[in-house]
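Colleague: Sequence below, structure please.
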Amino acid sequence: MPAQGEHNKWIALALCILLGYLGIHRFYEGKIWTGILWLCTGGLCGVGVVIDAILIVMKPEKY
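Modeller: You can find the predicted model right below:
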């Protein structure tokens, strides 16, 4: 795990692409409640995963 409050966008993107429907990238970022939502809804039926992937790419290297 990265230092507290610091996340690598490429790891988050890989998690989003590979396991986005399970919300693993959300848990990695520390967003527990939305991670549970993604887990229960299949990444908001896939739409949330696509939006998250785009947003992750637009973030700085470490955020």
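Colleague: going forward, measure contacts and count neighbours with C-alpha atoms only.
Modeller: Noted.
Colleague: Pop out the phi and psi values for the residue most central in space within the chain.
Modeller: Ranked by distance to the mean C-alpha position of the chain (C-alpha atoms, centre = their mean), the top residue is residue 25 at 2.8 Å. Torsion angles at residue 25 (phi, psi; degrees, to the nearest 10) stand at phi -60, psi -30.
Colleague: Spatially, which residue comes closest to residue 44, not counting chain neighbours?
Modeller: residue 38 (5.9 Å; C-alpha to C-alpha, 6 or more residues apart in numbering).
Colleague: so what's that neighbour up against?
Modeller: Residues near residue 38 by C-alpha atoms under 8 Å, 6 or more residues apart in numbering: 20-23, 44, 48.
Colleague: what do you get for residue 57?
Modeller: Applying C-alpha under 8 Å, 6+ apart to residue 57 gives the contacts 9-10, 13.
Colleague: just these now: which is nearest residue 58?
Modeller: residue 9 (9.0 Å; C-alpha to C-alpha).
Colleague: Against residue 41, how distant is that closest one?
Modeller: Going from residue 9 to residue 41 by C-alpha to C-alpha, to the nearest Å gives 23 Å.
Colleague: next one: the helix or strand harbouring residue 51 to chain centre, how far?
Modeller: Using DSSP states H and E, residue 51 falls within helix 47-58. Put simply, helix 47-58 sits 8 Å off its chain's centre (C-alpha atoms, centre = their mean, to the nearest Å).
Colleague: So of the contacts of residue 38, which two are at opposite extremes in space?
Modeller: Using C-alpha to C-alpha, the two most remote members of the contacts of residue 38 are 22 and 48, lying 11.1 Å apart.
Colleague: thinking again about what came up before, in helices only, show me the contacts of residue 57.
Modeller: 9-10, 13 (DSSP state H).
Colleague: secondary structure class for the nearest residue to residue 45 once chain neighbours are set aside?
Modeller: Leaving aside its chain neighbours, residue 45 sits nearest to residue 21 (7.8 Å; criterion: C-alpha to C-alpha, 6+ apart). Classification of residue 21 using DSSP: H, G, I helix; E, B strand; the rest coil returns helix.
Colleague: Got the confidence number for residue 21?
Modeller: If you check residue 21, the pLDDT there is 93.
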